[in-house]
Structures are given as C-alpha cells and as structure tokens.
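Peer 1: sequence unknown, structure follows:
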C-alpha cells in the first residue's frame, strides 16, 4: 500500500448557495484520511459554511452510511479562516464525497489536506 500526501483547493465555493459543491470524491481502490480542512471567508461580511460527507458505504453487518454534516452553518467571520479538523481525522472510503456549501455563493475559499492510501 502506498501513501501519498495531497491537497485539494477551491478559490471560491460554492457556485450557488444552497447547492453544495463537490470538493473531493474518493477514487476506486483508495482510502483517504482527511488531515486538515479550512474555510476562509472572502466576503465583506460574515457567512455560514457547511461541510458534508456524502457516503453510501456499507461495511459487513453495518447499516449503510448516509450523508452526514462535518459542520453545519458554522459562522465564518469577515476576513477569518476556520480550521474544521482541529487535530481530528476522518476516514473516507472509495466513492465517499466531501461537499461544501455557504450562505452566500462564491464566498468561501477551501483547502483540504489528506493522505491517500492506495
């Protein structure tokens, strides 16, 4: 198994408020460990950010996963950056998706750092 440290970014997200934008989808044959996730407010006033994990993974003898919020409507003050992970880790399986939403379109700048295991 190979491990690779990577990042994915969005200068402005989402394109439309209320329509979560896909930031990252885990590829077939991979497992991902999210190491860091930051939301930066690039608007002239406070916005609220949401990060979702969309998963339909089913493990042996488990109920199928569903969409879960990592954070929902978290206030991001004008000119501020919020670190979502704060030392925690989230494991993503093949097909899992991270989505970003904001109370105002195109007002969050996003960085997600992760380790991809293939």
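Peer 2: Good, I have the coordinates. Given the structure is predicted, the values throughout are model-derived calculations rather than measurements.
Peer 1: can we go C-alpha only for contacts and neighbour counts from here?
Peer 2: Fine.
Peer 1: helix, strand, or coil at residue 100?
Peer 2: strand (DSSP: H, G, I helix; E, B strand; the rest coil).
Peer 1: and it, bridged to which residues?
Peer 2: residue 21, residue 51 (DSSP bridges).
Peer 1: that one against residue 17, yeah?
Peer 2: No. Judged on CA atoms under 8 Å, residue 100 makes no contact with residue 17 at a distance of 9.8 Å.
Peer 1: the two: which is more packed in?
Peer 2: Set residue 100 next to residue 17 and count neighbours by other CA atoms under 10 Å: residue 100 wins out with 26 against 17.
Peer 1: residues in contact with that one?
Peer 2: Going by CA atoms under 8 Å, 6 or more residues apart in numbering, residue 100 touches 13, 14, 20, 21, 22, 23, 49, 50, 51, 52.
Peer 1: and with 7 Å instead?
Peer 2: Taking CA atoms under 7 Å, 6 or more residues apart in numbering, we find residue 100 in contact with 13, 14, 20, 21, 22, 23, 50, 51, 52.
Peer 1: reformat these as a markdown table; add pLDDT, neighbour count and distance to residue 84.
Peer 2: Shown next, in a markdown table, are those (pLDDT from 0 to 100; neighbours: other CA atoms under 10 Å; distance: CA to CA, whole Å):
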| residue | pLDDT | neighbour count | distance to residue 84 |
| --- | --- | --- | --- |
| 13 | 95 | 25 | 16 |
| 14 | 96 | 26 | 17 |
| 20 | 97 | 18 | 17 |
| 21 | 97 | 19 | 17 |
| 22 | 97 | 17 | 17 |
| 23 | 98 | 19 | 15 |
| 50 | 98 | 19 | 10 |
| 51 | 98 | 24 | 9 |
| 52 | 98 | 20 | 12 |
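Peer 1: same list (those) but as a markdown table, adding distance to residue 117.
Peer 2: What follows is those, written out as a markdown table (distance: CA to CA, whole Å):
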| residue | distance to residue 117 |
| --- | --- |
| 13 | 27 |
| 14 | 28 |
| 20 | 26 |
| 21 | 24 |
| 22 | 20 |
| 23 | 18 |
| 50 | 26 |
| 51 | 22 |
| 52 | 21 |
